[in-house]
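Visitor: Sharing a model that was predicted from the sequence below.
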Amino acid sequence: MKIQELTISKIHEGLRKKEFSALEICKTYFGEIGKKDKKISAFLTKTEDLALSQSRNIDKMISEGEDLPILAGIPCAIKDNILVEDVKCTAGSKILENYVAPYDATVIKKLKTQGAVILGKTNLDEFAMGSSTENSAFFPTKNPHDLTRVPGGSSGGSAAAVAANFCSFALGSDTGGSIRQPASFCGVVGLKPTYGAVSRYGLIAFASSLDQIGPITKTVEDCQIVFDAIKGRDEMDSTSIKTESKIQKIESKIKDLRIGVPKEYFIKGMEPEVEKVIKNAIKKYEQAGAKIEEISLPHAEYGLACYYIIAPSEASANLARYDGIKYGHSATGDKRQAASLLDVYLKSRGEGFGAEVRRRIMLGTYVLSAGYYEAYYLRAQKVRTLIKQDFDEAFKKVDLIFTPVSPTTAFKIGEKISDPLTMYLSDIFTIAVNLTGLPALSLPCGQVDGLPVGLQIIGRPFEEEKILNLGQFFQNL
Amino acid sequence: MINKQDIKHIAKLARLGLTIKEIETYQKDLSLILNYIEKLKIELPEEAKMKKKTESSSPEADISKIEPTSHSVKIENVEREDKESERQEAGSKKLMELAPETKQGFLKVKSIFK
């Protein structure tokens, strides 16, 4: 097996046994990036100097016989909306094109403490708004399985980088499916942790009540390792929560599990071949003795509309900070066109934000404006309660829920970009999980015409271990 | 369909400078999305039940008893010790370096009084 295909624990073992050095690993991955990223375009910034110096430190630790944390020397890629100190962080936007992060996000601090090696920052839809990475202000990323197709989004660069063996693992962020859908399209593992399980400090905010950082990896085992490294309560994020790690081996107990399959998720709009792959995967669990039950999530059909009120509302408030005064693109130097303070705002934001971001800011501003708040925002929050109650009810009857991640496999570049509503519909199976704060895994479970399909495993709050163990069962088959 | 005047008004509230062509595009896009979002205004199953019970004739049924959810995980009153953080000075220097225009250690804006 080639070095760049190894799992985290295999690299860790190799480093300890001195089969290769951290520097060799790092250079191997950069070699791969150099050869193939021209075609895939997963990276916005490569941090070669940082990575090489981190790798040398790890080699020094090894030669001095120090204990190696599990992520020491492991090469990773970071979605470009997560801050890495002194490295550019663009969020895929012209408005932050030259923004250099003044501090490390908490997840980055944790990775650095373990000695993980940061190879670069990956492409995304501008401010994580999109499902294809085509909304990046710089260039689209291609799917490594088929270069004419999208990698999914918004963490498309991270998912493509893992699938193309440009890194061992990557971090993404998930507001409506942005980790799970690209993981599904690229055939890799993606975890959206429970809201609050991972600190959001240093993540460029999109919709704060929905955003979560999570791992994108090659295997479920790797996913568990990275999740364990980044989770936990953080003083800098008041919504983060300390969780108990209760690793329990579930393989032997799969017979006792009750798994719910919501009937509302298997209706019109889904590609029949995708449905077949998903049903086959579910059958594997049934054969292992799990009890599969049809369940109902009666308000599922309102999820997408609810999301497209709440997320843009929060975004319009969060993105108000980009004013051309404090940092980022500014029209203030343009004496001819920006004579007043209002001109600076209008011009800086008008020039700096791309079409989709402006569309969502407009939508959010509209639904929050006087006269519309109750009809839209308040009503959406109430519907959010109903959707949450649906899941609470379901989890009284079953331990876990299985659904497809996406109704289709990776679509063609350009196919949906001119029609925002069709693009939004590609997140139809993932958004309820963000509205309810639940943890969910995207697990590669088969292919249709050479394109990967992902199974979504949804668990109760803070039961990541359970869904990961269940995913592990499938990968062991 | 949302009108051009509305679009201009929202763009101003959101502090977004739009060209005439963009105003037309957003008029079309926003109408389409809002039309989909109207789905939420369609009667929810709860409302239908409630209506049956009360035999109300109002078309907009009542979901007033349902509590709105703003965050999925309920946490209240998270506090921290009230002390200055160590990194403040070095941190603020770095932040100031990111500003497009500064004067004597302050952010500079256009004059707002004529």
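Guide: Perfect, I can see it now. Numbers count the residues shown, from 1 in each chain, chains lettered A, B, ... in the order given.

Visitor: What segments of chain B are helices?
Guide: Ranges of helices in chain B, per DSSP state H, are B:4-13, B:20-37, B:45-54, B:88-97.

Visitor: now those in a markdown table, with mean neighbour count?
Guide: To be clear about C-beta, it is placed using only N, CA and C from the backbone, and glycine gets the same treatment. Listed next are those as a markdown table, based on neighbours: other C-beta atoms under 10 Å in any protein chain shown:
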| stretch | mean neighbour count |
| --- | --- |
| helix B:4-13 | 16 |
| helix B:20-37 | 16 |
| helix B:45-54 | 13 |
| helix B:88-97 | 12 |
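
Visitor: okay, which residue is most central for chain A?
Guide: For chain A, A:Ile179 is the residue whose C-alpha lies nearest the centre (C-alpha atoms, centre = their mean; 2.4 Å).

Visitor: Can you tell me how far that residue is from A:Ile25?
Guide: Counting by C-beta to C-beta, to the nearest Å, the separation of A:Ile179 from A:Ile25 is 25 Å.

Visitor: again with A:Ile254
Guide: According to C-beta to C-beta, A:Ile254 stands 36 Å off from A:Ile25.

Visitor: When the two are compared, which one has more neighbours?
Guide: Ranked by neighbour count (other C-beta atoms under 10 Å in any protein chain shown), A:Ile254 and A:Ile25 place A:Ile25 first, with 25 against 18.

Visitor: Next, give phi and psi for the residue of chain A at minimum distance from chain B.
Guide: When scored by C-beta to the nearest C-beta, chain A has A:Gly437 as its residue closest to chain B, at 2.6 Å. Main-chain torsions, A:Gly437, degrees, to the nearest 10: phi 80, psi 10.

Visitor: what's the pLDDT at the residue lying closest to it once chain neighbours are set aside?
Guide: Leaving out its chain neighbours, the residue that sits closest to A:Gly437 by C-beta to C-beta, 6 or more residues apart in numbering or on different chains is B:Ser72, at 2.6 Å. The per-residue pLDDT reported for B:Ser72 equals 84.

Visitor: Show the contacting residues for A:Ile95.
Guide: A:Ile95 sits next to A:Tyr322, A:Gly328, A:His329, A:Ser348, A:Arg349, A:Gly352, A:Phe353 when contact means C-beta atoms under 8 Å, 6 or more residues apart in numbering or on different chains.

Visitor: right, and the third one touches A:Gly352 too?
Guide: Yes. Under the contact definition of C-beta atoms under 8 Å, A:His329 touches A:Gly352, with a separation of 3.9 Å.

Visitor: More neighbours: which of these two?
Guide: Legend: neighbour count by other C-beta under 10 Å for A:His329 and A:Gly352, higher for A:Gly352 (23 against 20).

Visitor: Tell me the residues of the stretch 201-350 of chain A that contact chain B?
Guide: A:209, A:235, A:238-239, A:241, A:298-299, A:301-302, A:304-306, A:308-309, A:316, A:320, A:323-328, A:330, A:332-333, A:338-347, A:349-350 (C-beta under 8 Å from any C-beta of the partner chain).

Visitor: where are the low-confidence patches of the chain?
Guide: Looking at chain A here, since you left the chain open. The model of chain A has pLDDT under 70 over residues A:244-252.

Visitor: ah, I was thinking of chain B
Guide: Checking chain B against pLDDT under 70 turns up B:39-62, B:86-90, B:114.

Visitor: In it, which residue sits nearest chain A?
Guide: Proximity of chain B to chain A (C-beta to the nearest C-beta) peaks at B:Ser72, 2.6 Å away.

Visitor: who touches that residue in this structure?
Guide: B:Ser72 sits next to A:Tyr195, A:Ser209, A:Lys388, A:Leu435, A:Thr436, A:Gly437, A:Leu438 when contact means C-beta under 8 Å, 6+ apart.

Visitor: got the CA positions of stretch A:172-187 in CSV?
Guide: Output of stretch A:172-187 as CSV, limited to C-alpha atoms (Å, rounded to 0.1, in the frame of the first residue of the first chain):
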residue,chain,number,x,y,z
GLY,A,172,-15.0,20.6,7.3
SER,A,173,-17.9,22.5,8.7
ASP,A,174,-21.6,21.6,8.4
THR,A,175,-24.5,24.0,8.5
GLY,A,176,-27.0,22.2,6.4
GLY,A,177,-25.1,19.1,5.1
SER,A,178,-21.8,20.7,4.2
ILE,A,179,-19.7,17.9,5.6
ARG,A,180,-22.0,14.9,4.9
GLN,A,181,-23.1,15.7,1.3
PRO,A,182,-19.5,16.2,-0.1
ALA,A,183,-18.3,13.1,1.9
SER,A,184,-21.1,11.2,0.2
PHE,A,185,-20.3,12.6,-3.3
CYS,A,186,-16.5,11.8,-2.9
GLY,A,187,-16.9,8.4,-1.2
